[in-house]
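Engineer: Here is my input, please return the structure:
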Amino acid sequence: MDVVVARAMARLREPDSAALNELVELLIEAALARPAASAIDRDRIVAVTIAVVDADRVERALAELVRPAWDRQRALIEKRGDRVQDWMPEGARPLLEDVLAGARRPRGAYTSELVRSADVRELLAPILQETLLSFARKLPIVGGASEAEGPARAAGKLFGMAAQLAHNAGERAGKLADIGRGVLGGIGGEMEKRIGAAAREFSQGAFEPLEAAFVARLRSEEGQEILTRMRQRVVDALVAAKASEVAADLDSLPREALDRLVARSIAFGVARPELAEMLRAEIDAFLAKHAGLNVGQLLDAWSLREVAVTEARRELRAIATLAIADASADAWLRRLLAP
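Structural biologist: Next comes the predicted model:
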């Protein structure tokens with residue numbers, strides 16, 4: 001028997017062993033013939049997923065694998081100068097337009113708490129007031145006042161209007177020229193023309209100062225406090241929202257166009273040589289990071305050896321049992337032990 005076993009092991013250990021290849025084919029055929037219902041154990045998959053996916057492991061994977069890979073690929077894409085359209089297959093643009101055209105604003109009740117008008121009013125009121133005051137300073141005269149006192153008088157009236165607008169953020173302000181006419185009412189045609197000219201002059205040169213005012217307001221200590229409060233309210237509203245409402249909003253895009261776009265883009269991307277280069281680069285980076293480790297040590301590094309070995313043993317035992325039970329296994333063993 002020892003001689004027989006030695007002969008069998010020798011044949012199995014031969015380079016490109018025909019016997020071993022036959023065994024592999026038997027196992028593959030048995031695995032392919034295994035009923036899916038017995039191979040896919042729902043409860044076991046859930047248990048293994050829970051055992052493998054924990055917060056520390058996922059965080060480590062993100063920190064050590066996903067984020068570095070993302071940074072490397074961002075650098076490569078930037079170096080190559082890729083545009084989004086370079087990764088889109090022919091005919092993808094109309095599909096993308098269909099997806100965007102079918103999008104709708106979130107309708108869940110939680111959205112009413114995401115942004116409050118009081119916060120927006122508090123954030124933007126100083127900018128609105130300063131804009132109206134700046135316009136008032138350019139007015140030539142107000143309601144019969146002299147040229148010297150006109151701007152001051154206009155500023156007072158428009159400042160009051162700014163406060164009212166800030167208090168009622170839901171009402172849309174009209175054009176600056178219309179605001180000026182409403183406040184100053186009863187002026188003559190010539191003065192109206194002069195105010196209109198002042199409004200045009202102001203509007204043409206107001207954008208850069210207005211942009212600067214927005215930036216300054218957002219960067220100010222008070223502006224940062226308001227933005228922080230708004231962010232916190234968004235987070236509070238989202239975490240307290242019904243998951244079904246959020247899921248419904250996320251699922252609001254037209255599925256047919258979206259599925260076709262995703263499927264075609266993935267197929268197109270996989271066929272690109274750049275993707276193969278990316279995959280090779282990431283595999284090389286992974287192997288370099290874990291150089292010198294065998295599979296067992298690699299599994300140990302991620303605390304996965306016990307789970308992986310248990311599952312592999314279970315699967316191979318089931319497959320081998322099916323393979324050995326087949327009559328072709330007897331013929332294979334007879335051929336293997338034949339002199």
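Engineer: Touching, Val4 and Leu337? I think so.
Structural biologist: Yes. Using CB atoms under 8 Å, Val4 is in contact with Leu337, at 5.8 Å. No exception for glycine: its C-beta is placed from N, CA and C like everyone else's.
Engineer: can you tell me how far the closest residue to Leu23 other than its chain neighbours sits from Val309?
Structural biologist: Leaving aside its chain neighbours, Leu23 sits nearest to Trp332 (7.0 Å; criterion: CB to CB, 6 or more residues apart in numbering). To Val309, Trp332 is 27 Å away according to CB to CB, to the nearest Å.
Engineer: Of these two, which one has the most company?
Structural biologist: Per other CB atoms under 10 Å, whichever of Trp332 and Val309 has more neighbours is Trp332, with 18 against 12.
Engineer: Flag every buried residue along whatever helix or strand the more buried one lives in.
Structural biologist: Element membership of Trp332 [criterion: DSSP states H and E] is helix 327-337. Neighbour counts over helix 327-337 (16 or more other CB atoms under 10 Å) mark Ala329, Trp332, Leu336 as buried.
Engineer: tell me the SS of the residue lying closest to the last one once chain neighbours are set aside?
Structural biologist: If I follow you right, that is Leu336. Of all residues not flanking Leu336 in the chain, Ala19 sits nearest, at 5.0 Å (CB to CB, 6+ apart). Assigned with DSSP: H, G, I helix; E, B strand; the rest coil, Ala19 falls in the helix class.
Engineer: which ones are touching Ala19?
Structural biologist: Listed by CB atoms under 8 Å, 6 or more residues apart in numbering, the contact set of Ala19 reads Ala8, Arg11, Leu12, Trp332, Arg335, Leu336.
Engineer: Just flag the most distant two among these.
Structural biologist: Leu12 and Arg335 (12.5 Å; CB to CB).
Engineer: what's the neighbour count on Leu261?
Structural biologist: Other residues close to Leu261 by other CB under 10 Å number 22.
Engineer: can you pull the pLDDT of it?
Structural biologist: Leu261 carries a pLDDT value of 87.
Engineer: I figured it was touching Arg93, is that so?
Structural biologist: No. Counting by CB under 8 Å, Leu261 does not reach Arg93; the two are 9.7 Å apart.
Engineer: Can you tell me the element the residue nearest to Leu218 when sequence neighbours are not counted falls in?
Structural biologist: With sequence-adjacent residues excluded and distances taken as CB to CB, 6+ apart, Leu218 is closest to Leu227, at 6.8 Å. Here Leu227 sits within helix 221-240, counting by DSSP H and E.
Engineer: thinking again about what came up before, from the contact counts, what lies against the helix holding Trp332?
Structural biologist: helix 2-13, helix 18-33 (3 or more CB pairs under 8 Å, 6 or more residues apart in numbering; DSSP states H and E).
Engineer: Of those, which shows the lowest average pLDDT?
Structural biologist: Minimum mean pLDDT among the helices and strands packed on helix 327-337: helix 2-13, a mean of 77.
Engineer: ranges for the helices of the stretch 201-339 of the chain?
Structural biologist: 207-219, 221-240, 243-250, 255-271, 273-289, 295-301, 305-325, 327-337 (DSSP state H, counting those that start in this stretch).
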